[in-house]
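Engineer: Could you work out the structure for the sequence below:
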Amino acid sequence: MIELLALVEGEMGRGKPFSAGIVLWDDKVVVTAPILRRALARKTRDQVREICQRNGWRISVVHELRRESATAGKEYR
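Structural biologist: Modelled structure (predicted):
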């Protein structure tokens with residue numbers, strides 16, 4: 001399993017800037033910052049890219065970790 005931590009930056013309504021994180025497991029969003037929950041929860045990596053592009057947001061991978069299973073590191077959730 002591959003776990004990615006990504007940073008999303010951009011502007012929400014009325015030009016308010018934000019930076020927020022999301023976590024993907026095997027190219028599916030499993031954790032989002034509250035500001036992104038409605039837009040990105042449970043989306044695939046391709047869907048996230050498309051949503052970010054459509055909204056003019058920037059997204060970048062901050063960290064990538066290869067895990068043996070989804071339960072490895074569960075103590076951090």
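
Engineer: does residue 2 really touch residue 25, like I thought?
Structural biologist: Yes: counting by Cβ atoms under 8 Å, residue 2 does reach residue 25; the two are 7.4 Å apart. Just so you know, the C-beta spots here come from the backbone N, C-alpha and C atoms, and that holds for glycine as well.

Engineer: Name the residue in these two with the higher neighbour count.
Structural biologist: Between residue 2 and residue 25, counted using other Cβ atoms under 10 Å, residue 25 has the larger neighbour count: 14 against 11.

Engineer: Bridged to that one, which residues?
Structural biologist: Legend: beta-bridge partners of residue 25 under DSSP bridges are residue 3, residue 28.

Engineer: low-scoring pLDDT stretches of this structure, where are they?
Structural biologist: Applying pLDDT under 70 to the chain picks out residues 70-77.

Engineer: Residue nearest the middle of it, spatially speaking?
Structural biologist: Taking Cα atoms, centre = their mean as the criterion, residue 22 is the residue nearest the geometric centre of the chain, at 2.6 Å.

Engineer: Can you classify that residue by secondary structure?
Structural biologist: Going by DSSP: H, G, I helix; E, B strand; the rest coil, the secondary structure assigned to residue 22 is strand.

Engineer: ok, and the closest non-adjacent residue to residue 42?
Structural biologist: residue 29 (6.0 Å; Cβ to Cβ, 6 or more residues apart in numbering).

Engineer: neighbours of that neighbour, just the number please.
Structural biologist: For residue 29, the count of nearby residues is 22 (other Cβ under 10 Å).

Engineer: if I look at it, how far off is residue 16?
Structural biologist: Using Cβ to Cβ, to the nearest Å, we find residue 29 at a distance of 22 Å from residue 16.

Engineer: ok, now which ones touch residue 55?
Structural biologist: 10, 39 (Cβ atoms under 8 Å, 6 or more residues apart in numbering).

Engineer: Against residue 2, how distant is it?
Structural biologist: Noted for residue 55: a distance of 25 Å to residue 2, by Cβ to Cβ.

Engineer: pull the CA atoms of the longest helix seen in the chain into PDB?
Structural biologist: Counting residues, the longest helix found in the chain (DSSP state H) is helix 45-55. Extracted in PDB, the C-alpha atoms of helix 45-55 (Å, rounded to 0.1, in the frame of the first residue of the first chain):
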ATOM      1  CA  ARG A  45      -6.200  10.700  -7.100                       C
ATOM      2  CA  ASP A  46      -7.300  11.500 -10.700                       C
ATOM      3  CA  GLN A  47     -10.500  13.100  -9.400                       C
ATOM      4  CA  VAL A  48      -8.500  15.200  -6.900                       C
ATOM      5  CA  ARG A  49      -6.300  16.400  -9.700                       C
ATOM      6  CA  GLU A  50      -9.300  17.400 -11.800                       C
ATOM      7  CA  ILE A  51     -11.100  19.200  -9.000                       C
ATOM      8  CA  CYS A  52      -7.900  21.100  -8.000                       C
ATOM      9  CA  GLN A  53      -7.300  22.100 -11.600                       C
ATOM     10  CA  ARG A  54     -10.900  23.200 -12.100                       C
ATOM     11  CA  ASN A  55     -10.800  25.300  -8.900                       C
END
